[in-house]
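# Show me the folded form of this:
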Amino acid sequence: MAGAHAASVEQVHTSILRKPDDRRALVVMTVGHGIQHFYVAGLAVTYPFIVADLHVSYALLGVVLTASGLVGGLLQGAAGLLRKVRARAILTAQNAGLALATLLAAISPGFGLFGAAKILGAIVSWPQHPVGSAYLSERFPERRATALSWHTAGGSLGTVTIPLLASVVIATAGWRWALAAVAAALALGALLIAAALPPERRHLPVEADPSEPASLGRLLRQRRVLAVLAASTVAAGGRGLGTLSTYIPADLRSGLHLPTLTVGAIFTVVMTASIAGPLLGGGLADRFGRRGTLVATYLAGAGALVGFGYAGRDLALLVPLGVLVGVLAYSEAPLMQAVFSDMTERGVARATFGAFFAISYGVGSLWTALIGWIIDAAGFPAAFATMAASFVVAAAIILLGTRAPRVRSTPAEVG
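This next block holds a predicted model:
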């Protein structure tokens, strides 16, 4: 009977994955994440022009960016407070709020209002990762690594797409019109989510009692859950959407003194690989095991990071190593989310993902300052070696801290 019941559950999950609503949910969430990334990547292209036009220093800009990063990261912990609100409503409001913040930045007469607009953007942008990841992990329990990888790849696609388009608008009409164009795209993203995202479908394990969901506090006291949170915070030292996106262009330009076009070309190669990497990693994780795939990705990614940091100006080494960095380092985030989600079901996915992102991404954002200090003190190769070391330590934490406890057989069971 138990085997037949398990087969029945598997058939249900398989048929669910083939339903049009599920395909639409994955596509809309992926595209919506890509449009949300227009905000960060589009703003990044305008910063040099804003610094010059509004007569501010990069130090002051850095203070505003750090403050907004901490605010946005820590606010993700509030996801559990909105557990009764539909993801469609939350993400629609997010994109609409980002459109408003971007438009406010576009018309700012001075840096004070621009800085306020950036903080406003951080306040409204936090739901995408915890709410989006919870939505997908509950809708695709048997394929959550694949679904979360598509979610990450969608964000990377948005990051790759918008800089070139924004640069064209800046060259022809100025940075304010570029931000206005980004605001318009975010408004369209809000309309897409509102019109097309299907409602949540929550999955509970067969043995779970839906009337007694596990509390967030009890989950966060579990050794394996704490190990995942610790590993994710440590791994933020080499995470793609963080230290790497910040310091790879700086290494290529300030460290290796490569021509501007060469820097842009290599970084584009890395970011293009960051789209394919999560998709490949997610499929392998769902097929061969999420925990093992994550550990292998950490160790291989550490090797790629060290190689990239010490490759020098040799393009024959930099380009293929950049591809490996893009594939491996950017695959870490969705794989870690899938491993975390496997441990935290029973109706509290949104709250637990909120805690996950607030801790690992909010606290982990402090790595950006530490890596910058290492660059000033010891150079870029040492910084990339530190990033690699963070991956090795994270792999060790996952291996040692997330092993399932052994269940001893009772004498009756043995007999």
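# measure residue 372 to residue 386 for me?
To residue 386, residue 372 is 11 Å away according to Cβ to Cβ, to the nearest Å. Glycine gets a C-beta too; all of them are placed from N, C-alpha and C.
# Tell me which of the two has more neighbours.
Counted by other Cβ atoms under 10 Å, residue 372 and residue 386 do not tie: residue 386 has more neighbours, with 20 against 16.
# Which element, helix or strand, includes that one?
helix 380-401 (DSSP states H and E).
# The nearest residue to residue 243 once chain neighbours are set aside: how many residues sit nearby?
Once flanking residues are discounted, residue 243 sits nearest to residue 371: 5.1 Å by Cβ to Cβ, 6 or more residues apart in numbering. Counted with other Cβ under 10 Å, residues neighbouring residue 371 total 24.
# Residue 371 is in what secondary structure piece?
Taking DSSP H and E as the criterion, residue 371 maps to helix 367-378.
# Off-centre distance for that helix?
Computed by Cα atoms, centre = their mean, to the nearest Å, the chain-centroid distance of helix 367-378 equals 22 Å.
# same deal with stretch 304-321?
Offset of stretch 304-321 from its chain centre (Cα atoms, centre = their mean): 24 Å.
# can you list contacts of that stretch?
Under the criterion Cβ atoms under 8 Å, 6 or more residues apart in numbering, residues 238, 251-252, 256-258, 262, 266, 269, 322, 324-325, 328-329, 380-385, 387-388, 391 lie in contact with stretch 304-321.
# redo that, cut-off 6 Å
With contact meaning Cβ atoms under 6 Å, 6 or more residues apart in numbering, stretch 304-321 is reached by 238, 256, 324-325, 328, 381, 384-385, 387-388.
# where are the low-confidence patches of the stretch 201-350 of the chain?
The stretch 201-350 of the chain contains residues with pLDDT under 70 at 201-217, 219-220, 260, 344-349.
# Tell me who's in contact with residue 380.
251, 255.
# could you redo the last one with a cut-off of 8 Å?
247, 250-251, 254-256, 309.
# any idea how far it is from residue 61?
21 Å.
# Ok, residue 275 next?
Separation of residue 275 from residue 61 (Cβ to Cβ): 28 Å.
# now swap in residue 268 and tell me
According to Cβ to Cβ, residue 268 stands 24 Å off from residue 61.
# Likewise for residue 401?
Using Cβ to Cβ, we find residue 401 at a distance of 38 Å from residue 61.
# quick one, which of those two is more surrounded?
Here residue 401 and residue 61 are compared on neighbour count by other Cβ under 10 Å; more neighbours surround residue 61, at 19 against 16.
# any idea which helix or strand carries that one?
Here residue 61 is assigned to helix 58-75, by DSSP H and E.
# and the angle for that helix with helix 367-378?
140 degrees (axes from the mean of the first three to the mean of the last three Cα atoms, to 10 degrees).
# And the average pLDDT for helix 58-75 is what?
For helix 58-75, mean pLDDT rounds to 74.
# Got the phi and psi for residue 198?
phi -70, psi 160 (degrees, to the nearest 10).
# For it, list the residues it contacts.
21-22, 24-25, 28.
# Can you tell me how far it is from residue 333?
On the measure of Cβ to Cβ, residue 198 and residue 333 end up 24 Å apart.
# Same check on residue 374?
Distance from residue 374 to residue 333, by Cβ to Cβ: 22 Å.
# The two: who's more crowded?
residue 333 (27 against 19).
# Looks like that one contacts residue 241 (just checking).
Yes - counting by Cβ atoms under 8 Å, residue 241 is a contact partner of residue 333 at 6.6 Å.
# Identify all contacting residues around the helix or strand harbouring residue 340.
Using DSSP H and E, the element containing residue 340 is helix 332-343. Around helix 332-343, the neighbours that count as contacts under Cβ under 8 Å, 6+ apart are 133, 137, 144-145, 148-149, 151-152, 219, 222, 224-225, 228-229, 231-232, 235, 238-241, 278, 281-282, 285, 290-291, 293-294, 297-298, 301, 349, 352-353, 356, 360, 391, 398, 402.
# filter these to the buried ones?
Among the contacts of helix 332-343, those scoring as buried are 133, 137, 144-145, 148-149, 151-152, 219, 224-225, 228-229, 231-232, 235, 238-241, 278, 281-282, 285, 290-291, 293-294, 297-298, 301, 349, 352-353, 356, 360, 391, 398, 402 (criterion: 16 or more other Cβ atoms under 10 Å).
# Just the ones of those residues in strands?
Among those, DSSP state E puts none in strands.
# Quick one: neighbours of residue 403, just the number.
Neighbour tally, residue 403, other Cβ under 10 Å: 12.
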